[in-house]
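Novice: Only the shape, not the letters, is given here:
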C-alpha cells in the first residue's frame with residue numbers, strides 16, 4: 001500500500017497494488033498494474049499500463065473524486081508505478 005496524499009477531509013489517499021502482469025505488444029513488453037485507490041471511505045479500481053511511451057492510468061467509477069482532485073492523483077499513481085522499476 002502506497003500513501004499518496006490527503007483528501008479535502010484530511011483522510012489519507014492510498015494506492016494498493018494488487019497484481020502486475022507483463023504483456024508483449026509489438027515486440028516490446030508492456031506492464032499492466034491492477035489495484036485499488038481509496039481513502040478509507042471510497043475505493044475505485046485502477047489499471048495502469050506502463051510501456052515505452054509512458055504511463056496510462058485508468059480509474060473505475062466511484063465517489064472518491066468528490067474528495068480529491070483526479071488529475072493530481074492520476075499523476076501521483078503514475079509516478080508511483082514508475083518508481084517501482
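Specialist: Nice, I can see it. Not measured: the values here are computed from a predicted model.
Novice: C-alpha from now on. contacts and neighbour counts both.
Specialist: Noted.
Novice: what are the phi and psi angles of the residue nearest the centre of the chain?
Specialist: When C-alpha atoms, centre = their mean is applied to the chain, the residue found nearest the centroid is residue 77 (4.0 Å). Dihedral pair for residue 77: phi -70, psi -40, per degrees, to the nearest 10.
Novice: Now do it, the pLDDT please.
Specialist: Looking at residue 77, its pLDDT reads 94.
Novice: likewise residue 85?
Specialist: Value listed for residue 85 in the pLDDT field: 69.
Novice: Same check on residue 56?
Specialist: Here, the pLDDT recorded for residue 56 equals 94.
Novice: cool, and residue 14?
Specialist: For residue 14, pLDDT reads 96.
Novice: Count residues in the vicinity of it, would you?
Specialist: Per other C-alpha atoms under 10 Å, the neighbour tally for residue 14 reads 20.
Novice: what do you get for residue 81?
Specialist: 18.
Novice: Helix, strand or coil: sort out it for me.
Specialist: At residue 81 the chain is in helix, as set by DSSP: H, G, I helix; E, B strand; the rest coil.
Novice: Against residue 2, how distant is it?
Specialist: Per C-alpha to C-alpha, to the nearest Å, residue 81 is found 10 Å from residue 2.
Novice: list the buried ones in the lengthiest strand in the chain?
Specialist: Criterion DSSP state E: the longest strand present in the chain is strand 12-25. If you call a residue buried by 16 or more other C-alpha atoms under 10 Å, then strand 12-25 has these buried ones: 13, 14, 15, 17.
Novice: Show me the shaky parts of this structure.
Specialist: 85 (pLDDT under 70).
Novice: Do a quick rundown of the helices in it.
Specialist: Using DSSP state H, the helices of the chain run over residues 70-83.
Novice: so the closest residue to residue 19 other than its chain neighbours bridges to which residues?
Specialist: Spatial nearest neighbour of residue 19, excluding adjacent residues (C-alpha to C-alpha, 6 or more residues apart in numbering): residue 34 at 5.2 Å. For residue 34, the beta-bridge assignment (DSSP bridges) gives partners residue 19, residue 47.
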